[in-house]
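**Q** One predicted model, sequence on top.
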Amino acid sequence: MNAQIFVIKHWFSLTAKVETINSASEPFCSGVLRALWGFTGDMRPWGEWVKRQILAIQLIDYILRGVAQVMFVNNSLSGLLIVGGLFLQNPWCALNGLLGTAISTVSAIALRQNRDAVSAGLHGYNGSLVGILMAVFSAKGDWYLWLFIPNVLLSMLCPVVSSALSAITSKWDVPIFTLPFNILICLHSSTMGAAHPFFPQVCCQFQAFHVQVFLSVPVGVGQVFGCDNPWTGGVILLALLLCSPTICFHAILGSIAGLCTGLALAAPPADVYSGLWGYNSVLSCIAIGGVFYALTWQTHILALTCAFFCAYVSSATSKLMSVLSLPACTWPFCLSTLIFLLLSSENPALCRLPLAAVSYPEENRRYLRQLKAWGRAQSSIQEAMEGMKVEKEDGVTSHGPEPLSPSSVNHFPESPADSTRCSHNNRKRKVAGRMRPLSGCQLHAVQKAAQAGFSRLSICRLRIARFILKCRPG
């Protein structure tokens, strides 16, 4: 699967190269806009530059991306904005979050975890939540420096638990979400309790302030990081908007869904307006609405359904965990989202992406379009190959262009009429039956043909097919 994804992305990267060449003569202002556009999405040009820098600069980028990955955002600038919002809420919680992210990331590097996953912040977000929520649940108040000890220890365990859970969830190709954070925080809270002399825990019942209904929407987003300040939630939404408007939109929808569900179930107004009913729905709506599913209007409805379902699960989970004197954390989000990711459906509009191809929603849509185009191109290549095999067996000579020679690989036909006639003859001699997928040798030949400079698929289909046939042994 990873090899096919690499070939597909390498094949369609040719289009981006052609667009870059064609846009070289555009005005300077367009170049500036493209440069600014590079700071949106996953900031791929910035990531390539960071890879060539010293480890200290790389580590800063990993930490910022780890903070942003709490909201499924792989953008270091968004992470910087979120850190600023956390300091606006509570500097002590923000400091613990950064420490947890750094320790978790360094531990993953020491354990030789996948470097691409580390650079994307996937080994930092659980440590970030562990550090922040440990400071929130501590009964010793702010600036209790001894709290750094359990923070460091639990953050070091984050990549260990993540690796163990990934070995299980990889069988179904689903992510682990924040399960390591939930496990470690519940272990810490149940072990210490409220009567511990050094690290006492606060009661699980939140003491929230009452705010207006419209302010509860950004508060619900901020509660993902344990923040009840609407300004912090607004800064986080701005960070999400910078990376992906789709993620920002679904975060707002998820918070509204949690708010409406809490009001419908007659929950205490203080809990509803303080965002405690919204933060799990925010994460669920983002995850389903374009991150792990390619965004269509069907998956958009599925994301809303998951957000409402997650709010119901939050109510049940909170009551169950309160019996054990434990916080609900993000257990509802993990459970409900995993259920919706393991959904089996024959609807082609509900396309769950493989984990190796998951990116931000806009990139996921581009990947899906490229995948469909690749499938159409593969079918056309198979048709041409089968037609030429029949011609070779029957001794029929094609009226199209002469077979390719190594010196003519980079040349297009002078007129598309020859290719049209040849394709027409091939379609007439199409062999019935199901076509087999391309072999590894054939995929490599297609990759070589793409590197040779083909940019218009409609013109070069036949020539690529003949190039593949020529490369085949025998």
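**A** That came through, no problem.

**Q** list the helices and strands whichever strand or helix holds residue 109 packs on?
**A** Residue 109 is part of helix 91-110, with elements assigned from DSSP states H and E. Secondary-structure packing of helix 91-110 (3 or more C-beta pairs under 8 Å, 6 or more residues apart in numbering; DSSP states H and E): helix 55-68, helix 76-89, helix 115-119, helix 125-137, helix 148-169. For glycine as for every other residue, the C-beta is placed from the backbone atoms N, C-alpha and C.

**Q** Of those, which is nearest residue 385?
**A** helix 115-119 (34.7 Å; C-beta to C-beta).

**Q** what residues does that closest one touch?
**A** Here helix 115-119 makes contact (C-beta atoms under 8 Å, 6 or more residues apart in numbering) with 47, 50-51, 58, 61-62, 65, 105, 108-109, 123-124.

**Q** top of these by neighbour count?
**A** Neighbour counts for the contacts of helix 115-119 (other C-beta atoms under 10 Å) peak at residue 124, which has 34 neighbours.

**Q** Please verify my assumption that it contacts residue 69.
**A** Yes: Residue 124 sits in contact with residue 69 when judged by C-beta atoms under 8 Å, with a separation of 6.7 Å.

**Q** which regions of the protein lie under the pLDDT threshold?
**A** Flagging of the chain using pLDDT under 70 yields the residue ranges 1-36, 203-212, 390-474.

**Q** Using the three-state scheme, assign the one residue sitting closest to the centre of the chain.
**A** Centrality entry for the chain: nearest residue to the mean C-alpha point is residue 359, 3.7 Å, by C-alpha atoms, centre = their mean. Under DSSP: H, G, I helix; E, B strand; the rest coil, residue 359 falls in the coil class.

**Q** shouldn't it be in contact with residue 74?
**A** Yes: at 7.2 Å, residue 359 and residue 74 qualify as touching, with contact defined as C-beta under 8 Å.

**Q** Show me whatever sits in contact with both of these two.
**A** Going by C-beta under 8 Å, 6+ apart, residues that sit against residue 359 and also against residue 74 are residue 42.

**Q** rewinding a little: show me what contacts the nearest residue in space to the residue nearest to the centre of the chain that is not next to it in sequence?
**A** Leaving aside its sequence neighbours, residue 359 sits nearest to residue 42 (C-beta to C-beta, 6 or more residues apart in numbering; 6.1 Å). Counting by C-beta under 8 Å, 6+ apart, residue 42 makes contact with 74-75, 120, 243, 359-360, 363.

**Q** quick one: residue 42 is in a helix?
**A** No: per three-state DSSP, residue 42 lies outside any helix segment and is coil.

**Q** which residue sits closest to residue 283, ignoring its sequence neighbours?
**A** Nearest one to residue 283, counting by C-beta to C-beta, 6+ apart, is residue 333 at 4.4 Å.

**Q** Please list all residues in contact with residue 193.
**A** The contact partners of residue 193, taken as C-beta under 8 Å, 6+ apart, are 200-201, 325.

**Q** meant to ask about residue 232, not that
**A** Contacts of residue 232 by C-beta under 8 Å, 6+ apart are 85-86, 88-89, 218, 222, 225.

**Q** between those residues, which has the most around it?
**A** residue 222 (31 neighbours).

**Q** Helix or strand for the nearest residue to that residue once chain neighbours are set aside, just tell me which one.
**A** Closest residue to residue 222 apart from its sequence neighbours, by C-beta to C-beta, 6+ apart: residue 233 at 3.3 Å. Here residue 233, judged by DSSP H and E, is contained in helix 230-243.
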